[in-house]
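# Model the following, please.
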Amino acid sequence: MGISFDKALGVHPAALRLRSERTEILASNIANESTPGYKARDLDFRGRMASIADGVGSGLPLDDDDEPQYRIPHAPSRDGNTVEIGVEQAAFSQNVSDFQMSLTFVNMKLRGLSKAISG
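Below you'll find the predicted structure:
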């Protein structure tokens, strides 16, 4: 009887993959803060995790019908850029914190499995 890591780790590996993808998207938004016409994007993390939990999707790579969504700015700029640096930095910081939390959960699960195996 083998160990099923998919069952043992739950949704946490998928959450890490999604958080990683979201980090790339948010970093791209921040990097393009002064690019005229750039449209800020974000990932629907909750929606993607719900589809993974329901067994509909795998998380990554992005499907054609599951592209990142564009953000609607609070105060649009004259050059058409929708990046609001404060919003992006706050989202990036929260995403990093959530990534660390998911990583901690995976680490705890693996430690528990290690203890169960070694006795």
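# List the buried residues in the longest helix along the chain.
When the chain is parsed with DSSP state H, its longest helix is helix 85-118. Within helix 85-118, the residues that count as buried by 16 or more other C-beta atoms under 10 Å are V87, E88, A91, F92, N95, D98, F99, S102, F105, K109. Any C-beta I mention is one placed from the backbone N, CA and C, and that applies to glycine too.
# now, which of the residues you listed sits nearest L26?
L26 lies nearest to F92 out of the buried residues of helix 85-118, by C-beta to C-beta, at 4.5 Å.
# Does that closest one touch A31 like I think?
No: with contact defined as C-beta atoms under 8 Å, F92 does not count as touching A31 (11.1 Å).
# Please determine how far I117 is located from L110.
10 Å (C-beta to C-beta, to the nearest Å).
# and if you look at R46?
25 Å.
# by contact count, what packs against the longest helix of the chain?
helix 5-9, helix 12-31 (3 or more C-beta pairs under 8 Å, 6 or more residues apart in numbering; DSSP states H and E).
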